[in-house]
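3D model of this:
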Amino acid sequence: MIKLTINSSNLTNKLNELSGSIKELVSPIVLQEVAKAAFMITGKRFVLDVDRYSAQNPKKMQHVYEWNELGSPNGRLFIIERLGILNGNLTISYRFLPSRIPVPIPPEMTTPGPSGRSVQKQNIFRNKAQVMEDGQPITYTTSRMLAFLGTNGPTFIRPGTLVNILNPGGIEAKNAFADYMVQWYTDNANLVMQSSGFYDQIVSESAAAISNGQGISAVRQIASSLANKVGGNTVEIK
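As a prediction, the model looks like this:
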């Protein structure tokens, strides 16, 4: 008769290895990679939704696009930035870009009026996005002749005139982009990630690696690889 004593420590060690590999999915290292991917996946969807929303709400969002390019990806004057990641928690912000296109001149102002004057020179309002988003009153003294289209046609402002603009961009533009961004991420970020398939893929590939006897390093590699596929190292989205 033979008595065989099972070494339970072998079983325990295997279970501990398996448990450790599974727990690695929620470790800071893996969550860092997941957060990188989340920034890219949600950010790409966000800017597309901004395009659509802007086309439907021009008074609120025309300032964050170039003149006459409202809702166009090529006309965006904003960038979404990944400021930091801590334990899987993302810090996301935005930055406005300078406008490069001259302010359009209404056709009525290119034709000489009763005084014989017309607009001959265009200006670039470089900080149009930030100024209109802030919505703070602007006061300045003109250094040369300026013109705008009033209710009675073109109106010219002499150099040295004090100009007050109470609502640059209009009342609806103030904080419109920031408010939309906060509301969008609150309502949509988790849903976008769940529907993206990223969570399913990382769990599926990790489970396969674990079942094949691969450990913690494999789980980390899978997370890093999948994050990089969606642009995990990119810190800006335009």
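
Looking at the longest helix anywhere in the chain now, give me its mean pLDDT.
The longest helix of the chain (DSSP state H) is helix 28-56. Averaging pLDDT along helix 28-56 yields 94.

Check which residues of that helix are buried.
30-47, 50-51, 53-54 (16 or more other C-beta atoms under 10 Å). For glycine as for every other residue, the C-beta is placed from the backbone atoms N, C-alpha and C.

Pull the distance from that helix to the chain's centre.
7 Å (C-alpha atoms, centre = their mean, to the nearest Å).

which residue sits closest to the residue most central in space within the chain, ignoring its sequence neighbours?
Nearest residue to the geometric centre of the chain (C-alpha atoms, centre = their mean): residue 80, 2.9 Å. Excluding the flanking residues, the one nearest residue 80 by C-beta to C-beta, 6 or more residues apart in numbering is residue 237, at 4.3 Å.

Give me the pLDDT for that neighbour.
Residue 237 is given a pLDDT of 89.

ok, now residue 114?
pLDDT, residue 114: 59.

Residue 110 too?
At residue 110, pLDDT is 65.

what packs against the helix or strand containing residue 189?
Using DSSP states H and E, the element containing residue 189 is helix 176-196. Helix 176-196 sits against helix 28-56, helix 58-61, strand 89-96, helix 128-134, with contacts defined as 3 or more C-beta pairs under 8 Å, 6 or more residues apart in numbering; DSSP states H and E.

let's see it at 10 Å
helix 28-56, helix 58-61, strand 78-86, strand 89-96, helix 128-134, helix 198-211 (3 or more C-beta pairs under 10 Å, 6 or more residues apart in numbering; DSSP states H and E).

Show me what counts as buried in stretch 87-99.
Those would be 90, 92, 94, 96, 97, 99, for stretch 87-99 by 16+ other C-beta under 10 Å.

now, which of these sits nearest residue 129?
residue 96 (3.9 Å; C-beta to C-beta).

Contact partners for the closest one?
63-64, 76-79, 127-133, 177 (C-beta atoms under 10 Å, 6 or more residues apart in numbering).

what's the nearest residue to it if we skip its chain neighbours?
Closest residue in space to residue 96, ignoring its immediate chain neighbours: residue 129 at 3.9 Å, by C-beta to C-beta, 6+ apart.

Tell me how many other residues surround that neighbour.
Residues near residue 129, counting by other C-beta atoms under 10 Å, number 27.

The nearest residue to residue 98 once chain neighbours are set aside: which element?
Nearest non-adjacent residue to residue 98, counting by C-beta to C-beta, 6+ apart: residue 126, 4.3 Å away. If you go by DSSP H and E, residue 126 is not part of any helix or strand.
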